[in-house]
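Undergrad: give me the fold of what follows.
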Amino acid sequence: MKNIDARSMPSRVLAVCLFGLVYGLTAKLGFNYSTISSNVTLLWPPSSISLFAVLRHGFWLWPGIVIGDLIANAGTNAPLGSILGISASNIAETLACAWLLRRYVGFEDALERIQDVVWLLLLGTASAALSAFIGPTALPPAARCPGGSTGRYGCNG
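TA: I've put the predicted structure just below:
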């Protein structure tokens, strides 16, 4: 891990906050397509944004995911513990995918090689499945299946 110069700390804090704001606002847009409850959606655009940011600028941006999740879930009446649990799954998704791409694939950001595109799709999908597995466990049971519904999206109790 590189030592962080004290002079660069304010710019990093600003970058994390701006990343969190962009993440949170795109999450709010994703909630517009919510079909199950106010904070559960089938589309999660922030995943792509967070993966891009981490691959391009570094793993140190991960606190922006927490900030973004807090922004996104403001007003949804979700308990703070649930928001932090969901945030942990979103962090795991982003960092696992970025780490695997960098460590084992030799991923290049330019996406000029077919192997980079294929690995991005494969590991991006696998890490999204990781998040989809971890995230809902942070929700209270009533939020997982509102009204005891058994819909086509796998909410079967």
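
Undergrad: quick one: contacts for residue 111?
TA: By Cβ atoms under 8 Å, 6 or more residues apart in numbering, the residues touching residue 111 are 117, 120. From N, CA and C alone the C-beta is placed, and that goes for glycine too.

Undergrad: just say helix, strand or coil for it.
TA: At residue 111 the chain is in coil, as set by DSSP: H, G, I helix; E, B strand; the rest coil.

Undergrad: tell me the confidence at it?
TA: Listed pLDDT for residue 111 reads 87.

Undergrad: for residue 131, see how far away residue 49 is.
TA: Residue 49 sits 14 Å away from residue 131, going by Cβ to Cβ, to the nearest Å.

Undergrad: shared neighbours, the two?
TA: With Cβ under 8 Å, 6+ apart, residue 49 and residue 131 have no common neighbours.

Undergrad: in which helix or strand does the closest residue in space to residue 100 that isn't next to it in sequence reside?
TA: Leaving aside its chain neighbours, residue 100 sits nearest to residue 123 (5.2 Å; criterion: Cβ to Cβ, 6 or more residues apart in numbering). Under the criterion DSSP states H and E, the helix or strand holding residue 123 is helix 114-134.

Undergrad: pLDDT weak spots in this structure?
TA: Applying pLDDT under 70 to the chain flags the ranges 1-7, 35-39, 139-157.
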